[in-house]
Each structure stands twice: as structure tokens, then as C-alpha cells.
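# The following block contains a protein sequence and its predicted model.
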Amino acid sequence: MKSSIYTNAFFTILLILTIGLFSCEKTDSNIPPLTTSEVSALFKTYTVFDTMSYWVYENIQNQATDSISITDFYTERRFHSPFNQNPGFYYNAYEIRFQSDEIGITRGEVTGGFSTDLTDSLPENYRIYFDNGRYFSILTPQYPIGEEQLLGINEGNYTNEAFHSTYELNGNTFNNVFQVRVKDYQQAPDTVLMRFFMAKNVGLIRYFRQSENRTDDWILSRWNVKAAPENP
């Protein structure tokens, strides 16, 4: 009798597990695959260039010169799960290694972004790192012009100030230029004001930095850049 009870109980448990397994499989099969956010070809024309590309700048405040060159870059596939958003999404990123002296830019990070607005073609972000450990997002086109974004004590406040169809600088005419303002208040009350000008097919053409005791205005004088390959 006991053997029969145990046998019936065993088959009952087995049946429940089997039903649960098929139910899970059926539910999982209805979940759409996670989105992968690519870095668009347009955004890469502003930010991603091949190794050996270089830019030479002059500081019009003191006539100093400095150059920035790319020594290496590689791609990564990452996962992001935003707060209170399910599911998350995968995104592609470019890590770029720079060499510079006085300007001090050491690394760039280009990341794909996610947007529910299909008309928004540039949800990506470009962040640069300096040799003093600081880092700032300097190109995030998805934010409205003139709307300040509070990114926190580490990155300060970000604003897309303007978009220039043409921009004259140092005797050169650049097309499709984003003008960005960043306020760094980490060392308040000495708030640092920075402006970055990013041109299509060229990259950073002007970097302005003003603090309580110093002003730098690095403008591009010459450059040699090449688009990065699709699969580095």
C-alpha cells in the first residue's frame, strides 16, 4: 500500500515538473530577443577614426602647440539594464587610446544608446578621459539644444549649445559642427567652464577651458584623419 502511495506521489510530482518545464519553454519563446544598439555610421564620422590619425592644435591664449594622435582602438559588446526598465539592451562600444601632452586627453569611449523614438538617429554618447583622472561626456546629440543636463558631480552639467551647418575656424570651414558646453563644479567655488566643437569627418576642432586662474583655447591648425575600419 505504501509503495503504491509513493509511486503515485512520484508520478504526480514528475507530471507537475514536466508541465512547468513546458510552460517555461512556451513563455520564454514568446520573449522577443534583446535589442543591440549599434553605434551609427553618422556618429562614428564625429568620433571614431583609424589608428595613426592625428590633430594638431594651437592654444591662442599663449601660442603653445600640442597634438593628439590615436594609438589604438577596439570594440566591445556590453549590456545595460536601466533602472525600472525590463528588459535591458546590449550596446556596442569603441574604446580609443590617445596620445597627447599638454591637452592631456588619454582615452575616448563611444557607446551606443537606446531610444524608443525611432526618429532619433543619434542616441549615442562620446566621453573623453584626461590624464588627471577626470572624464566628461562631450557629445550626446539626443538632448535638446539649450537644455542643461545634470550629470552629477563627476561629469558636471552638459548642454548642447548649438549646431552649426558651417563653422569658420583658423581659416578653415567645417561642416555640421556640434557646439557643447560642460560645467565642472567638482572643485567649487572654482567652477570650470569647457566648450567642445565636434565636426563631421574631422572630430574635435576646438577645445575651450576656463577656470578661475587660467584660460586655454585650443583650435585645430592641421590634421590627418582616416575613418576607422568596420571590424578592427
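Okay, I see it. Numbering: from 1, shown residues only.

# what sits opposite N172 in the beta ladder?
L169 (DSSP bridges).

# And for Q149, the neighbour number?
Q149: 17 surrounding residues under other C-beta atoms under 10 Å. Any C-beta I mention is one placed from the backbone N, CA and C, and that applies to glycine too.

# what's the answer for P189, then?
So P189, with other C-beta under 10 Å, has 6 neighbours.

# Let me know the secondary structure of it.
coil (DSSP: H, G, I helix; E, B strand; the rest coil).

# what stretches of this structure score poorly on pLDDT?
1-37, 78-91, 113-122, 231-232 (pLDDT under 70).

# which strand is the longest one in it?
strand 64-80 (DSSP state E).

# Partner strands of it, with direction?
Under the rule (DSSP bridges), strand 64-80 has strand 54-59 (antiparallel), strand 89-100 (antiparallel) as partners.

# okay, the ones you listed, which one's buried deepest?
Across these, averaging neighbours per residue (mean count of other C-beta atoms under 10 Å) puts strand 54-59 on top, at a mean of 20.

# Please name the residues that touch F43.
110, 122, 124, 126, 141 (C-beta atoms under 8 Å, 6 or more residues apart in numbering).

# Surely it is within a helix?
Yes: according to three-state DSSP, F43 belongs to a helix.

# For W218, which three-state class applies?
Per three-state DSSP, W218 ends up strand.

# For it, list each beta-bridge partner.
N59, Y207.

# hang on, the earlier thing: mind checking the strands paired with strand 64-80 for the one nearest to F178?
Closest approach to F178 among these (C-beta to C-beta): strand 54-59, 16.2 Å.

# Residues in contact with that closest one: which ones?
By C-beta under 8 Å, 6+ apart, the list of residues contacting strand 54-59 reads 64-70, 102-103, 170, 203-204, 207, 216-225.

# Before I go, just wanted to say thanks for your time.
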